[in-house]
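Q: quick one, structure for this:
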Amino acid sequence: MRLKIVQAGEPVLRAQARQLTREEIISDEIQRLIRDMRETMRDAPGVGLAAPQVGMALQLAVIEDREELLSSLPAQELAERERQAVPFHVIINPEITLLGDDRADFYEGCLSLAGFSAVVRRARRVRVAYLNEHGEPQSVEASGWYARILQHEIDHLRGTLYIDRMETRTFTSLDNWSRFWKGKPVQDVFEALSNPLGPIR
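A: Below you'll find the model as predicted:
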């Protein structure tokens, strides 16, 4: 069943989500929620969906960057973003560690801020410890776009949206992003949008 994706302004998007017990994770209710979130994410389409985005303040998110989403993107863009297909998986009660000092700036969107995008600086590499949909402990190290997805979804579980981290002068409608910035290096965007009082950085 496709679920309603709540939009910015809904209090649940600003709440600290609660952890799930192993008993809750394997319950019919949570297993059904996971299936419905997977269907909702694919239908949107998106690469991640957190439970608060469907009105549930739970530390649960689904992630999948499907091959068909990548096939329409230029090879140069995929390489620049270090973006590769990521199989479907569930993260529950995640703990994230940023690895190294490397940061990357890219435009980012969100299903709960439909129609908008902005440049967000994120860690290039992360480690995440979490429980899977069976309540089993897992750990993953991720880099590039996958690391960005993990950071974005885990932010949702802490009541944070990308607009809290964005370079504010880059905030744009998707229509205007396509008109003015699509395919351009982020550094060129920064230079074009630099404040008359000084550059963004």
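
Q: which parts of the protein are strands?
A: Along the chain, counting by DSSP state E, strands occupy 48-50, 60-65, 86-108, 116-131, 137-143, 172-173.

Q: for V86, see how far away S72 is.
A: Distance from S72 to V86, counting by CB to CB, to the nearest Å: 17 Å. In this view, the C-beta of every residue, glycine as well, is placed from N, C-alpha and C.

Q: hmm, back to that, tabulate the strands of the chain (CSV), appending distance to L33 and mean neighbour count.
A: What follows is the strands of the chain, written out as CSV (distance: least, CB to CB, whole Å; neighbours: other CB atoms under 10 Å):
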stretch, distance to L33, mean neighbour count
strand 48-50, 11, 26
strand 60-65, 7, 24
strand 86-108, 10, 16
strand 116-131, 14, 20
strand 137-143, 19, 14
strand 172-173, 31, 16
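
Q: mind putting these in a markdown table, mean pLDDT and distance to V12 included?
A: Supplementary listing: the strands of the chain in a markdown table, determined by pLDDT from 0 to 100; distance: least, CB to CB, whole Å:
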| stretch | mean pLDDT | distance to V12 |
| --- | --- | --- |
| strand 48-50 | 98 | 10 |
| strand 60-65 | 98 | 13 |
| strand 86-108 | 97 | 17 |
| strand 116-131 | 98 | 19 |
| strand 137-143 | 98 | 26 |
| strand 172-173 | 98 | 25 |
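
Q: turn these into JSON lines, including distance to T160.
A: JSON lines is the format used below for the strands of the chain (distance: least, CB to CB, whole Å):
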{"stretch": "strand 48-50", "distance to T160": "11"}
{"stretch": "strand 60-65", "distance to T160": "13"}
{"stretch": "strand 86-108", "distance to T160": "12"}
{"stretch": "strand 116-131", "distance to T160": "11"}
{"stretch": "strand 137-143", "distance to T160": "19"}
{"stretch": "strand 172-173", "distance to T160": "20"}
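
Q: wait, which of those strands is closest to D164?
A: Comparison of the strands of the chain against D164 by CB to CB identifies strand 116-131 as nearest, at 9.4 Å.

Q: I'd like to know which elements that closest one is packed against.
A: For strand 116-131, the contact count by 3 or more CB pairs under 8 Å, 6 or more residues apart in numbering; DSSP states H and E identifies strand 86-108, strand 137-143, helix 144-156, strand 172-173, helix 186-192 as packing neighbours.

Q: including distance to D164, could these go into a markdown table?
A: As requested, these are arranged in a markdown table below (distance: least, CB to CB, whole Å):
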| stretch | distance to D164 |
| --- | --- |
| strand 86-108 | 12 |
| strand 137-143 | 21 |
| helix 144-156 | 8 |
| strand 172-173 | 17 |
| helix 186-192 | 19 |
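
Q: out of these, the one nearest R32 is which?
A: strand 86-108 (12.9 Å).

Q: which secondary structure elements does that closest one contact?
A: Applying 3+ CB pairs under 8 Å, 6+ apart, one finds that strand 86-108 contacts strand 60-65, strand 116-131, helix 144-156, helix 186-192.

Q: right, and these - which one's nearest M41?
A: Taking CB to CB, strand 60-65 is the member of the helices and strands packed on strand 86-108 nearest to M41, at 5.7 Å.

Q: then the closest one to PDB, C-alphas only?
A: Backbone C-alpha positions of strand 60-65 (Å, rounded to 0.1, in the frame of the first residue of the first chain) are rendered in PDB as follows:
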ATOM      1  CA  LEU A  60      13.400   3.100  10.600                       C
ATOM      2  CA  ALA A  61      14.300   3.900   7.000                       C
ATOM      3  CA  VAL A  62      14.400   2.100   3.700                       C
ATOM      4  CA  ILE A  63      17.100   2.700   1.100                       C
ATOM      5  CA  GLU A  64      17.500   1.600  -2.500                       C
ATOM      6  CA  ASP A  65      19.300   3.300  -5.400                       C
END
